[in-house]
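Visitor: turn this into a structure:
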Amino acid sequence: MGRYLKSAVIFFAMALMSQTGIAGEWSGQVGLEFRYFLQDAIDPRQDHSTNLSPVFEPEYYHEWDNGRQLFAFVPFFRIDQHDTNRTHFDVRELTYVKAADTWELRLGVRKVFWGVVEFNHLVDIINQTDLVENIDTEDKLGQPMINFALIRDWGTIDLFVLPYFRERTFPGRHGRLRTQPPVAEDRAQFESGAKEKHVDFTVRYSHSIGDFDIGISHFYGTRRNPSLLPGLKGGNPVLIPFYDIINQTSIDVQATKGNMLWKLEALHNSSDQGETYNASAGGFEYTFTGIHDTAIDLGLLAEYHYDDRKETVSTLFNNDIGIGTRFAFNDVQSTEALIGMLVDLENGGKFFNVEASRRIGSNWLLELQGRFLFDQVRSDPAYSFHRDDYIELFMTYNF
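Guide: Model prediction:
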């Protein structure tokens, strides 16, 4: 967010908290992230193999009117040892909700998630990706919005008005896991003359029918994932983000059949620049419960990802297979682990991922993450990170 918008958001949050008249509930987390990179980086400006980064994310919630009204405020702070772009502040949520039996009105800054597949959240388009947080694109910036939901027995219709666009965050010159060359965010270009003030619109229908959960959506507005155009800054090569105007129609479906989950996401995207493409992702996850007479559940998952633009764009998911296993130990410490690999069927490149977590006592959480790339070719967007394999430990205190 811009400096003045951030100040206005914080002032609005404090004013609403004081107007409720009754103290709400504070919770949240404070943590320290440690990353160790296994290789020297491509760019000598990325001259570090270790990185420390403290994080603070408090959460304030207050309900009144018998739960029919809600106010939520979730700011986010990160300080990074090496990357000034990764040192940032964001408002993840600043939301007022008014609920009735057949409708809900939600105003402010929110995070909205759509999608069912594991490796790539194809149809998730409301919020901008906070890419300095992680390359898995699961971290999102708060999105200013007006959201009206009409709730009926035959399904829910959500209408969104998005009055302000958030640009994608990118690692800086000294940050690791960044493109080669780096992205010049301050040179961003927009198709719309209104730039970040272009008003976007979205409508979504969602419903559960028997074993099926279905969502159908249409989005009109500024593309969240920009094209990266070659350019120069200070005589050095850079990539310049270009945000065009698109229409995107999508569907996501999940079917629950006993221990089996079937998943599908698909979209049709067209831009005012004349580009049209289709993309899809689908697969399954089967869970073995209580393996070998223990409390451990083992999930096996497989997905296929396709984008008919092939290698012409900066996406990792043009013709790829993802496979993985998920462990839930169901113990007092809530120990979990996910191990997965994405294989590019076009060039043989592989992306191996490990995620695990375990509670320590009642307030501490230890998370382990590993990202490793193999057999990357220069034409693949992931080649920029082929020497950025890392292991991460993240310890948080939840209050």
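Visitor: name the helix or strand of the chain that has the lowest mean pLDDT.
Guide: helix 3-19 (a mean of 50; mean pLDDT, DSSP states H and E).
Visitor: next SSE downstream of that one?
Guide: Under the assignment DSSP states H and E, the closest C-terminal helix or strand after helix 3-19 is strand 25-37.
Visitor: what comes into contact with that following strand?
Guide: The contact list for strand 25-37 (C-beta atoms under 8 Å, 6 or more residues apart in numbering) reads 48-62, 74, 176, 365, 388-399. Every residue, glycine included, has its C-beta placed from N, CA and C.
Visitor: find the nearest non-adjacent residue to the spatially most central residue of the chain, please.
Guide: With distances taken as C-alpha atoms, centre = their mean, the chain has Glu138 as the residue nearest its mean C-alpha position (2.5 Å). Residue nearest to Glu138 in three dimensions, not counting chain neighbours: His121, with 7.3 Å by C-beta to C-beta, 6 or more residues apart in numbering.
Visitor: surely the one you found and Thr129 touch.
Guide: No: applying C-beta atoms under 8 Å, one finds His121 not in contact with Thr129, separated by 9.4 Å.
Visitor: okay, and the common contacts of those two?
Guide: Joint contacts of His121 and Thr129 (C-beta under 8 Å, 6+ apart) are Thr137.
Visitor: surely Phe77 and Thr87 touch.
Guide: No: if you go by C-beta under 8 Å, Phe77 and Thr87 don't touch, sitting 9.0 Å apart.
Visitor: show me what contacts Asn247?
Guide: Taking C-beta under 8 Å, 6+ apart, we find Asn247 in contact with His218, Phe219, Tyr220, Asn269, Ser270, Ser271.
Visitor: can you do 6 Å?
Guide: Counting by C-beta atoms under 6 Å, 6 or more residues apart in numbering, Asn247 makes contact with Tyr220, Ser270.
Visitor: so what's it bridging to?
Guide: Beta-bridge partners for Asn247, by DSSP bridges, are Tyr220, Ser270.
Visitor: so for it, what's the pLDDT?
Guide: On pLDDT, Asn247 comes in at 98.
Visitor: with the one 5 residues further on instead?
Guide: The score at Asp252 is 98. That number is its pLDDT.
Visitor: partner residues bridging it?
Guide: Applying DSSP bridges, one finds that Asp252 bridges with Gly215, Glu265.
Visitor: what's around it, how many residues?
Guide: Using other C-beta atoms under 10 Å, Asp252 is surrounded by 25 other residues.
Visitor: isn't it right up against Leu122?
Guide: No: using C-beta atoms under 6 Å, Asp252 is not in contact with Leu122; the gap is 8.0 Å.
Visitor: what do these two both touch?
Guide: The contact lists of Asp252 and Leu122 share Glu265, where a contact means C-beta under 6 Å, 6+ apart.
Visitor: show me the contacts for Ser192.
Guide: By C-beta under 6 Å, 6+ apart, the neighbours of Ser192 are His198, Ile245.
Visitor: same thing with the one 4 residues further on?
Guide: Shown here is Glu196, whose contacts under the criterion C-beta under 6 Å, 6+ apart are Phe165.
Visitor: that one looks like it's in a helix, true?
Guide: Yes: the assignment for Glu196 (DSSP: H, G, I helix; E, B strand; the rest coil) places it in a helix.
Visitor: what's the per-residue pLDDT of it here?
Guide: 97.
Visitor: what lines up beside the helix or strand containing Phe372 in the sheet?
Guide: Here Phe372 sits within strand 364-374, counting by DSSP H and E. Strand 364-374 pairs in its sheet with strand 350-360 (antiparallel), strand 390-398 (antiparallel), by DSSP bridges.
Visitor: please identify the buried residues of it?
Guide: Within strand 364-374, the residues that qualify as buried by neighbour count (16 or more other C-beta atoms under 10 Å) are Leu365, Leu366, Glu367, Gln369, Gly370, Arg371, Leu373.
Visitor: how about those residues in CSV, adding distance to Ser206 and pLDDT?
Guide: Below are those laid out as CSV (distance: C-beta to C-beta, whole Å; pLDDT from 0 to 100):
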residue, distance to Ser206, pLDDT
Leu365, 31, 98
Leu366, 35, 98
Glu367, 31, 98
Gln369, 31, 98
Gly370, 35, 97
Arg371, 32, 97
Leu373, 36, 95
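Visitor: tell me the one of those nearest Asn319?
Guide: Proximity of the buried residues of strand 364-374 to Asn319 was ranked by C-beta to C-beta; the top entry is Leu373 with 17.2 Å.
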